[in-house]
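J.: What would the 3D arrangement of this be:
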Amino acid sequence: MRLDRTLANSGIGTRSSVRSLIASGGVSVNGVIAKDPGMQVTEADKITCKGVEVGQKENLYFLLDKPDAVLTAMEDPRLSCVGDFIPQELKSKKLAPVGRLDYHTTGLLIITNDGELSHRLQSPKYHVAKRYLVTFEGPSWSEKEIEAVASGITLTDMDTPVKTAPAELSVIDGHNAEITLYEGKTHEVRRIFAHFGKEVIALRRVSLAGLEIDPSCGNTGNIRELTEEEIKLLKSAVRL
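T.: A predicted model of the protein is given here:
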């Protein structure tokens, strides 16, 4: 992994501040002052910052703006998957997506190797808010239907009827709406819309536990590390 990324992952500072530190001669690798922030280092290398040894951070946190037609899996022999967006040098870090987005659902997906955070973000016990933008075809939403979604409805489209938790639905216009869920039943958004005779044409997750992405930029495939503030936001949402 790049030296600057390793130091940033270890909590030393931002990528820009780490580069400044390296340029000033404050970082050594195996006893030699490092000048190139892009030099490759491994876990076997001894890295010191101002004379203090740096422990490489065990937990990593990434945000992927998942494109359409991408499987929520770390590897697949046939289909494009979210693991394809992970840098090669991090393949051994046991990263995994937090929950699932359907093959044709785009938007915010957390990828981490923090098992406890991942478990809590997916657990219905913590009522984590997940907000989606939905483009649909079919009749407009009535106030009665919106109230029914807010109270929870019984879905009967699968073998066993299931009651949904209360959700918040707001209409943007005749073919676009926004819905916030606090659970994660299989294909829940699409099933709720279908229950009222509406077909989901496009579905994009734009918020999770207060963490948000630009709702207008779909299918980007951009991936970045979470900031310390964003990690704290996610952990706070699940009482970590």
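
J.: so where's this structure shaky on pLDDT?
T.: 11, 56-57, 218-219 (pLDDT under 70).

J.: any idea where the helices of it begin and end?
T.: Counting by DSSP state H, the segments of the chain that form helices are 3-9, 15-23, 115-122, 143-151, 188-195, 228-237.

J.: Show me what counts as buried in the fourth one.
T.: By 16 or more other Cβ atoms under 10 Å, the buried positions in helix 143-151 come out as 145-146, 148-149. (Each C-beta comes from the backbone N, C-alpha and C, glycine too.)

J.: need those in JSON lines with distance to Thr14, can you?
T.: Formatted as JSON lines, those follow (distance: Cβ to Cβ, whole Å):
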{"residue": "Glu145", "distance to Thr14": "46"}
{"residue": "Ile146", "distance to Thr14": "43"}
{"residue": "Ala148", "distance to Thr14": "47"}
{"residue": "Val149", "distance to Thr14": "41"}
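
J.: Identify, from those, the entry nearest to Lys46.
T.: Val149 (56.6 Å; Cβ to Cβ).

J.: Next up, the contacts around the closest one.
T.: 164, 166-169, 179, 192 (Cβ atoms under 8 Å, 6 or more residues apart in numbering).

J.: if we go to 6 Å?
T.: Listed by Cβ atoms under 6 Å, 6 or more residues apart in numbering, the contact set of Val149 reads 167, 169.

J.: What distance do you get for it to Ala194?
T.: 13 Å (Cβ to Cβ, to the nearest Å).

J.: What of Arg5?
T.: 44 Å.

J.: before we move on, back to that, nearest to Ser216, out of the helices of the chain?
T.: Ser216 lies closest, by Cβ to Cβ, to one member of the helices of the chain: helix 188-195, at 19.0 Å.

J.: between the closest one and helix 143-151, what angle do the directions make?
T.: Angle of helix 188-195 versus helix 143-151, following axes from the mean of the first three to the mean of the last three Cα atoms, to 10 degrees, is 150 degrees.

J.: returning to what we had before: with distance to Asn59 added, can I get the helices of the chain in a markdown table?
T.: As requested, the helices of the chain are arranged in a markdown table below (distance: least, Cβ to Cβ, whole Å):
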| stretch | distance to Asn59 |
| --- | --- |
| helix 3-9 | 9 |
| helix 15-23 | 18 |
| helix 115-122 | 8 |
| helix 143-151 | 36 |
| helix 188-195 | 29 |
| helix 228-237 | 9 |
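
J.: Comparing the ones you listed, which comes out most buried?
T.: helix 3-9 (a mean of 23; mean count of other Cβ atoms under 10 Å).

J.: what's the domain layout of the protein?
T.: Domain assignment for the chain by automatic domain parsing gives 3-53, 61-124+218-237, 129-208.

J.: Quick one: distance of the last one to the chain centre.
T.: Okay, so that is domain 129-208. 21 Å (Cα atoms, centre = their mean, to the nearest Å).

J.: Could you tell me the end-to-end distance of that domain?
T.: End-to-end span of domain 129-208 (Cα to Cα, to the nearest Å): 6 Å.

J.: Then the longest one?
T.: For domain 61-124+218-237, the first-to-last residue distance is 16 Å (Cα to Cα).

J.: Can you give the distance of it from its chain's centre?
T.: 5 Å.

J.: So what sits opposite the residue nearest to Glu230 when sequence neighbours are not counted in the bridge?
T.: Of all residues not flanking Glu230 in the chain, Leu211 sits nearest, at 5.7 Å (Cβ to Cβ, 6 or more residues apart in numbering). Beta-bridge partners of Leu211, counted by DSSP bridges, are Leu208.
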